[in-house]
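for reference, the sequence and a predicted model appear below.
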Amino acid sequence: MAESARNYLVAGNWKMNGSTAANRELVDGLLDGFSPSDGAGMLLCPSFVHLRDVASWIAASDIQLGAQNLSEQTGSGAYTGEIQGAMLKDAGCDYVIVGHSERRTLYGEADDLVAAKFIAAQAQGLTPIVCVGESLEQRETGSTEAVVRRQIDAVLDAAGVEAFSGAVVAYEPIWAIGTGHTATPEQAQDVHAAIRGMIAARNDTIAAGLRILYGGSVKGSNAAELFAMNDIDGGLVGGASLSASDFLAIYRAAAG
Ligand code: PEP
């Protein structure tokens, strides 16, 4: 495990998957095999409509709940189809993912909207997990760090560095999401260290305490080597979070 005072976080992004019955089976499997660890938290991010069910099933455990998206609006009102952070809090969420690459690429979420969602999340008592990461073309043309810097700076400039003391960053190279092609531990570590450096340039202490998760085809078989890197503080897991045994294996790699 990486040597740091930061606790690991292993977050499952269920995306647009699940049903009441399938989720119940998945959560039962997780609860059966889960032993909480002081060094690592487990977080589940089901679809909006499944939040309350999952909240009730995990209520007696140390597993936490998060949503996959939220509105940038902080007040109630005429925003058909949107979900406000306060509603997520009311449904039992502590965390919310913002700026996932699928939101950026499929739904056109630009850096300024992602920053507004980050700010809205914190204003409503949620911990944002802000996702950043480059496409394959951007990696191949050597612009990984510039892309990630632009994405991080958009949030830093809008929210201020202090906001990062209550936030989580997820580095998710787009070419590794759902493809089975995981970044090597060294590739991931390089970008994680660069991200920590971007925050450290404004505030060393906040940078040292910031949890930076890696996401992109994390599995039980590669989690330990990724989590052993100094600046990798856990994972944001898509596909493998839909299997209790796979997700528990990843959690154990963080919990030791
Ligand atoms: C994700 O979508 O956040 C993700 C990392 O997916 P996967 O683990 O399936 O690559």
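On my side now, so go ahead. All values derive from a computational prediction rather than experimental measurement.

alpha carbons only for contacts and neighbour counts from here, please
Will do.

mind listing residues that contact the helix or strand that residue 21 is a member of?
Assigned by DSSP states H and E, residue 21 belongs to helix 20-33. With C-alpha atoms under 8 Å, 6 or more residues apart in numbering as the test, helix 20-33 has contacts from 50, 53, 54, 57, 58, 61, 242, 243, 244, 245, 247, 248.

nearest to residue 82, of these?
residue 50 (15.7 Å; C-alpha to C-alpha).

quick one: low-confidence parts of the stretch 151-256 of the chain?
Across the stretch 151-256 of the chain, nothing is flagged by pLDDT under 70.

tell me the SS of residue 170?
Following DSSP: H, G, I helix; E, B strand; the rest coil, residue 170 is assigned to strand.

ok, it to the ligand distance?
8 Å (C-alpha to the nearest ligand atom, to the nearest Å).

cool, residue 204 as well?
27 Å.

can you report how many residues lie near that residue?
14 (other C-alpha atoms under 10 Å).

quick one: buried residues of stretch 232-240?
Across stretch 232-240, burial judged by 16 or more other C-alpha atoms under 10 Å covers 232, 233, 234, 235, 236, 237, 238, 239, 240.

same check, this time on stretch 198-211
For stretch 198-211, the neighbour count (16+ other C-alpha under 10 Å) marks 198, 199, 200, 203, 206, 207, 208, 209, 210, 211 as buried.

dump it to CSV, keeping only the CA atoms.
The C-alpha coordinates for stretch 198-211 follow below in CSV (Å, rounded to 0.1, in the frame of the first residue of the first chain):
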residue,chain,number,x,y,z
MET,A,198,-1.0,21.2,-9.6
ILE,A,199,-2.8,21.4,-6.3
ALA,A,200,0.5,21.7,-4.3
ALA,A,201,1.4,24.7,-6.5
ARG,A,202,-1.4,26.5,-4.7
ASN,A,203,-1.4,24.7,-1.3
ASP,A,204,1.0,22.0,-0.2
THR,A,205,-1.1,20.8,2.8
ILE,A,206,-4.3,20.4,0.8
ALA,A,207,-2.4,18.6,-1.9
ALA,A,208,-0.8,16.2,0.6
GLY,A,209,-4.3,15.3,2.0
LEU,A,210,-6.1,15.0,-1.3
ARG,A,211,-7.4,11.6,-2.3
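
and the contacts of helix 20-33, which are buried?
Buried members of these, scored by 16+ other C-alpha under 10 Å, are 50, 53, 54, 58, 242, 244, 245, 247, 248.

can you give the contact residues for stretch 231-246?
So stretch 231-246 is in contact with 2, 6-15, 26-27, 29-30, 170, 177-178, 188-189, 192-193, 196, 211-220, 226-227, 247, 254, going by C-alpha under 8 Å, 6+ apart.

the ligand: which of the contacts of helix 20-33 is nearest?
residue 242 (9.3 Å; C-alpha to the nearest ligand atom).

tell me which parts of the chain are close to the ligand?
With C-alpha under 6 Å from any ligand atom as the criterion, the chain meets the ligand at residues 13, 176, 177, 178, 215, 216, 217, 218, 236, 237, 238, 239.

per-residue pLDDT, the residue of the chain most remote from its centre?
No residue in the chain sits farther from the centre than residue 78, which is 28.7 Å out by C-alpha atoms, centre = their mean. In this model, residue 78 is scored at 98, pLDDT.

now stretch 172-186: buried residues?
Here stretch 172-186 shows 172, 173, 174, 175, 176, 177, 178, 182, 183, 185 as buried, counting by 16+ other C-alpha under 10 Å.
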